[in-house]
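Chemist: output the structure for:
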Amino acid sequence: MGGTNTVEIREQRIQVGELDWFFRSVDPNRGNDRAAQGAERHPPPVLLLHGLVSQSYGWLPLLKALGEQGFRALAPDWIGSGFSAKPERWQFDYRPQTLQKALAEWIEAQALERFSLVVQGFLGSVGLQYALKNPERIERLIILNTPIGQGAKLPWSIRAFGIPLVGDMLTQDPLLVDRTLETGGIYQVKDKDLDVYRRPFLTTSASGRALLATVQNLSLPQVMRELEAGFSAWERPTLIAWGMQDRWLPFELVTALCQRIPKAQVVKLEQVGHYPQHDWPEKVQEAVLPFLRKLIV
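Modeler: As a prediction, the model looks like this:
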């Protein structure tokens, strides 16, 4: 399938229960009756989940590339992140199981019965929890620099966001976005992109409170034990594309995961840090697109 040369990336909102979700999507077949009639010939859609302190905005290059290849693709901002709702913690506790439940309800609202899943970063682990509990819905799994085992530790630069009093101040500073993205990556983020990443923190103090609550409730050791147990029975086709200059998550995590998923395909992304989709999106596309194109007959 050759796709089309131009695709429209749409910015949308959807209310799911009490939660207002913002997401970006591309649907190259939107409005095409002939394509809709032959929908069974098209590959399953692709769901892209970002990490801390990113947004769906970071997936724009991959969304565009997927659309040009004929894929429907969706990238939400997590609840508490980006331009999605940021309820106070007495309304939404930001625990992994709560985020996972909210994600499951969003997936249902989007009528995604079976899809390929791409995850990255801290919060990407919540997407992995969903996948392990719903393997029948996952066509293919793609992991980009995500905590995937008990060797994963929350870096000090993010852990500090959850410290009482200190975290309250740090998470109200919009410049935390610059420091986090550029510490986790290895390149300077463009000013026009930083403007988007900072905007939620400049718009409402609820952004900082949501980040504080998210970091305080990550429960990383417990989640990592759950992932290790679940991956021992994982059978879906899996690609691990890993930024080799990640200062926070070592490649040894990939080696350990491959012992549980021996058939996993591994691509080393040289000169790429913790945020591959930000650092070098072309390298991500070179790894991801061939893996997903295997679904196209």
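
Chemist: give me the three-state assignment for residue 268.
Modeler: strand (DSSP: H, G, I helix; E, B strand; the rest coil).

Chemist: who's in contact with it?
Modeler: Going by CB atoms under 8 Å, 6 or more residues apart in numbering, residue 268 touches 242, 244, 251. Yep, even glycine has a C-beta here, placed from its N, CA and C like the rest.

Chemist: and residue 50, by the same measure?
Modeler: 56, 58-59, 75, 77-78, 81-82, 120-121, 123-124, 277 are the contacts of residue 50 under CB under 8 Å, 6+ apart.

Chemist: can you add secondary structure, distance to residue 286 and neighbour count and give the residues you listed back as TSV?
Modeler: Converted to TSV, the contacts of residue 50 look like this (DSSP: H, G, I helix; E, B strand; the rest coil; distance: CB to CB, whole Å; neighbours: other CB atoms under 10 Å):
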residue	secondary structure	distance to residue 286	neighbour count
56	helix	21	25
58	helix	17	27
59	helix	16	28
75	strand	19	27
77	coil	26	22
78	coil	27	27
81	coil	27	25
82	coil	26	26
120	strand	16	27
121	coil	20	27
123	coil	25	23
124	helix	20	25
277	helix	13	31
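
Chemist: let me know the secondary structure of residue 112.
Modeler: Going by three-state DSSP: residue 112 is coil.

Chemist: identify the spatial nearest neighbour of it, chain neighbours not counted.
Modeler: Closest residue in space to residue 112, ignoring its immediate chain neighbours: residue 45 at 6.1 Å, by CB to CB, 6 or more residues apart in numbering.

Chemist: surely that neighbour meets residue 116?
Modeler: Yes. Between residue 45 and residue 116 there is a contact at 7.5 Å, judged by CB atoms under 8 Å.

Chemist: any chance you could map the helices in this structure?
Modeler: 33-37, 60-68, 96-109, 124-133, 156-159, 166-170, 176-184, 191-203, 206-216, 220-231, 252-260, 276-279, 281-293 (DSSP state H).

Chemist: sorry, back to before: tell me which of residue 45 and residue 116 has more neighbours.
Modeler: residue 116 (25 against 21; other CB atoms under 10 Å).

Chemist: the nearest residue to that one once chain neighbours are set aside: neighbouring residues, count only.
Modeler: Among residues not flanking residue 116 along the chain, residue 140 sits closest, at 4.2 Å (CB to CB, 6+ apart). With neighbours defined by other CB under 10 Å, the count for residue 140 comes to 20.

Chemist: ok, residue 140 touching residue 239?
Modeler: Yes. With contacts counted by CB under 8 Å, residue 140 reaches residue 239, the gap being 7.2 Å.

Chemist: which residues touch residue 66?
Modeler: Per CB under 8 Å, 6+ apart, neighbours of residue 66: 26, 46, 73, 289, 292.

Chemist: run through the bridge partners of the third one.
Modeler: With DSSP bridges applied, the residues forming beta bridges to residue 73 are residue 26, residue 46.

Chemist: could you pull up the residues touching it?
Modeler: 25-26, 45-48, 62-63, 66-67.

Chemist: closest to residue 166 out of the residues you listed?
Modeler: residue 48 (32.1 Å; CB to CB).

Chemist: so where's the stretch 51-200 of the chain shaky on pLDDT?
Modeler: The stretch 51-200 of the chain contains no residues with pLDDT under 70.

Chemist: wait, what's in contact with the spatially closest residue to residue 25 that is not a sequence neighbour?
Modeler: Leaving aside its chain neighbours, residue 25 sits nearest to residue 74 (4.5 Å; criterion: CB to CB, 6+ apart). Residues in contact with residue 74 (CB under 8 Å, 6+ apart) are 23-25, 45-48, 110, 112.

Chemist: check residue 117 too.
Modeler: 46-47, 49, 127, 130-131, 138, 140-142.

Chemist: and the gap between it and residue 147?
Modeler: 16 Å (CB to CB, to the nearest Å).

Chemist: can you measure across stretch 124-141, start residue to end residue?
Modeler: When the termini of stretch 124-141 are compared using CA to CA, to the nearest Å, they are 12 Å apart.
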